[in-house]
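Novice: Here is a sequence together with a model predicted from it:
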Amino acid sequence: MPELPEVETITRYLRDGNAGLPGVLGRTILAADVLWERTIAEPGALEFIRRVSGQVVETVGRRAKYLVLRLTSDTLLVHLRMSGDLRVELEGGEGGAHDRVVFHLEGRLRLVFNDARKFGRMWLVNEPESVLGRLGPEPLGADFSAGAFFDLLRGHQRRLKPLLLDQCFLAGLGNIYTDESLHRAGLHPNRLASSLSPVEAQQLWAAIRLVLNEGIRNHGASIDWVYRGGDFQNTFRVYQRTGLPCPVCGTLIERRVVGQRGTHYCPVCQPEPG
DNA sequence: CACGAGACCTGTTCGC
DNA sequence: TGCGAACAGGTCTCGT
């Protein structure tokens, strides 16, 4: 479930608490279990466990799709990839089927990383920029202006869909929010970035920010069996709506593969480039 | 530089 | 009913 709004939702849950359970801010990590070694990208699993134990969670934040937990002397970065989830549980209960890493916290709590597909990764590093350094701008950042976005787009001879998914270009969009943003902006996924007019770039900029903010307001999207309680899926206009009417013009939504990703669009609201 | 294929993984759903 | 194919919210590496 993890694009920017879902990661932001989890960040807030971990920071402020959720569903009657407290957050992890200020808590000491007593110990950690690594149940799937490859989840730990850096350092090795043994050193990860040794080093993380005893550190206190000083801040909980987000950069793009990464959770950023500043600890006493290191930073813990978590990327949920396709199916990862992080939640606080009471110590003592049954473990989940796909728990990969468990942090035991003071106060009889644990922070559990659950990830059915095992794509998720975490890093324990001194210098977070070594992992986050190549990311593009935050789409909801105060310094991300429509004008700056137009300038970025102008420099790329790439189709919009794969470009918006490229985290070096813009950090945080995934398949859902890209499709929804392009529909809101009335732009075909195959449009060349450099072909956008300043007005079209401004419309895409506004659509991206609107859709992401809607997603956050709805606590993210919950689809399929990877459920986390968000509601944004109920407001999808094109994503996973193949064959259903476009809510704007009534034309049936189409699906095709663009840049190896399933892509949903309205053939009338989003005219294909010639 | 831009793009496609393949890899990493497990679980669900679809079509025959 | 059963079984394989297709598909899934992500990203990396490789070859053209």
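Specialist: Perfect, I can see it now.
Novice: Which residues of the stretch 151-274 of chain A lie near DNA strand B?
Specialist: A:H156, A:Q157, A:R158, A:R159, A:P162, A:L163, A:D224, A:W225, A:G259, A:Q260 (C-beta under 7 Å from any atom of the strand). Where you see a C-beta, it was placed from the backbone N, CA and C, and this is true even at glycine.
Novice: Which one of the residues you listed sits in the busiest neighbourhood?
Specialist: A:L163 (22 neighbours; other C-beta atoms under 10 Å).
Novice: Where does it sit: helix, strand or coil?
Specialist: Going by DSSP: H, G, I helix; E, B strand; the rest coil, the secondary structure assigned to A:L163 is helix.
Novice: Settle this for me: it is touching A:A193, isn't it.
Specialist: Yes - using C-beta atoms under 8 Å, A:L163 is in contact with A:A193, at 5.2 Å.
Novice: joint contacts of those two?
Specialist: A:L153, A:H156 (C-beta atoms under 8 Å, 6 or more residues apart in numbering).
Novice: tell me the contacts of A:A19?
Specialist: Here A:A19 is in contact with no residues (criterion: C-beta under 8 Å, 6+ apart).
Novice: From DNA strand B, how far off is the residue in chain A that DNA strand C sits nearest to?
Specialist: When scored by C-beta to the nearest atom of the strand, chain A has A:G174 as its residue closest to DNA strand C, at 1.8 Å. Relative to DNA strand B, A:G174 is positioned 14 Å away (C-beta to the nearest atom of the strand, to the nearest Å).
Novice: Hmm, A:Y13 is touching A:G23, no?
Specialist: Yes - contact criterion C-beta under 8 Å: A:Y13 and A:G23 qualify, at 7.4 Å.
Novice: So what's the residue count around the residue of chain A closest to DNA strand C?
Specialist: Neighbour tally, A:G174, other C-beta under 10 Å: 21.
Novice: I am finished for the moment; much appreciated.
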